[in-house]
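Engineer: this one's structure only:
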Ligand code: NAD
């Protein structure tokens, strides 16, 4: 008898295989029975000779990361990319020449121009992109949108985030995703409502704006809080990631889901069935 789970699981290639998330993705993929058939690393990485299984804390699987996207993706159905914006954008171009059917993007910190390139690529491939792949944060996003829509503009919306000292972009992709949801609830784009960072002698809060505060310290994996404050009441929604594996598990869920979808740009809200479009 054939093992059905074997046939429905896509074959994976993991970008940035030696990174914090790359290792988590390999670990969770192998643990979940996926075939990890390739991975990429940057030229000069000390891990180009290290077996992908070993990078994920598993026994060797006989494949090492490649500097070349085409080689890394050669046998893959899904490319999972948690690297850096310019690396992800370059990979999207190279992947057009491969067998890859879907791309899962967890990289954060894209500029509007880079976001436009992702949207353009989604015309000819299935892309799931999320600033945070955890199921909990995506539920929090839906609650943020709903709460912002129910409260008047005199409730101040403030978003706080804390991450480890190595994080490059700020505010985090997740904080911006929560900000987008709050702005959507208020019926305006975040670009219109985002408050400039409070700093200096004339840093008074403007009514109706959405404020962001950022903390970088030690090994914090990811903490987010959205608070809604009136003169008399405060509502707080908060989420704390205890382990990076939550992002990897969500990305693998997205990888399976993407195999059954047509071309287009999707979010984790589509994967979880919360999306309104
Ligand atoms: P990291 O620096 O540990 O890993 C990135 C890896 O990419 C490194 O190993 C690096 O060598 C590799 N890399 C760089 N250039 C490359 C190239 N040209 N080809 C192949 N590999 C290359 O970073 P991280 O903590 O794993 O985070 C990576 C990204 O994922 C960040 O943007 C982070 O914000 C994001 N992230 C997203 C989520 C989410 O749920 N969406 C969760 C955690 C992290």
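Structural biologist: Everything's here; your move. Keep in mind the model is a prediction, meaning the values are calculated, not measured. Numbering: from 1, shown residues only.
Engineer: got the residues of the stretch 1-150 of the chain near the ligand?
Structural biologist: Neighbours of the ligand within the stretch 1-150 of the chain, by Cβ under 6 Å from any ligand atom: 15-16, 18-22, 40-42, 45, 82-84, 87, 106-109, 130-133. Yep, even glycine has a C-beta here, placed from its N, CA and C like the rest.
Engineer: state the pLDDT value of residue 243.
Structural biologist: For residue 243, the model assigns a pLDDT of 91.
Engineer: just checking, it touches residue 219?
Structural biologist: No - contact criterion Cβ atoms under 8 Å: residue 243 and residue 219 do not qualify, at 11.6 Å.
Engineer: assign residue 14 to helix, strand or coil.
Structural biologist: strand (DSSP: H, G, I helix; E, B strand; the rest coil).
Engineer: quick one: contacts for it?
Structural biologist: By Cβ atoms under 8 Å, 6 or more residues apart in numbering, the contact list for residue 14 reads 22, 25, 26, 29, 36, 38, 39, 40, 52, 80.
Engineer: I figured residue 236 hits residue 226, correct?
Structural biologist: Yes - applying Cβ under 8 Å, one finds residue 236 in contact with residue 226, separated by 7.3 Å.
Engineer: tell me the buried residues in the top helix by length along the chain?
Structural biologist: In the chain, with assignment by DSSP state H, the single longest helix is helix 135-150. For helix 135-150, a neighbour-count test (16 or more other Cβ atoms under 10 Å) marks 137, 138, 140, 141, 143, 144, 145, 147, 148 as buried.
Engineer: what bits of the stretch 101-250 of the chain have low per-residue confidence?
Structural biologist: Applying pLDDT under 70 to the stretch 101-250 of the chain picks out no residues at all.
Engineer: where do the strands sit along it?
Structural biologist: 102-105, 126-129, 156-163, 210-216, 223-229, 234-240 (DSSP state E, counting those that start in this stretch).
Engineer: closest residue of this protein to the ligand?
Structural biologist: residue 19 (2.1 Å; Cβ to the nearest ligand atom).
Engineer: out of the residues of the stretch 1-150 of the chain next to the ligand, which end up buried?
Structural biologist: For those, buried by 16+ other Cβ under 10 Å: 15-16, 18-19, 21-22, 40-42, 45, 82-84, 87, 106-109, 130-133.
Engineer: the residues you listed in helices, which ones?
Structural biologist: Using DSSP H, those in helices are 21, 22, 87.
Engineer: for the first one, list the residues it contacts.
Structural biologist: Contacts here follow Cβ under 8 Å, 6+ apart; on that basis residue 21 touches 82, 106, 244, 247, 248.
Engineer: looking at those residues, point me to the pair that's furthest apart.
Structural biologist: 106 and 244 (10.7 Å; Cβ to Cβ).
Engineer: ok, which stretches of the stretch 151-277 of the chain are helices?
Structural biologist: Ranges of helices within the stretch 151-277 of the chain are 173-186, 190-193, 245-258, 268-271, based on DSSP state H, counting those that start in this stretch.
Engineer: want to throw the ones you listed into a markdown table with mean neighbour count and distance to the ligand?
Structural biologist: Converted to a markdown table, the helices of the stretch 151-277 of the chain look like this (neighbours: other Cβ atoms under 10 Å; distance: least, Cβ to the nearest ligand atom, whole Å):
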| stretch | mean neighbour count | distance to the ligand |
| --- | --- | --- |
| helix 173-186 | 23 | 6 |
| helix 190-193 | 14 | 18 |
| helix 245-258 | 22 | 4 |
| helix 268-271 | 22 | 8 |
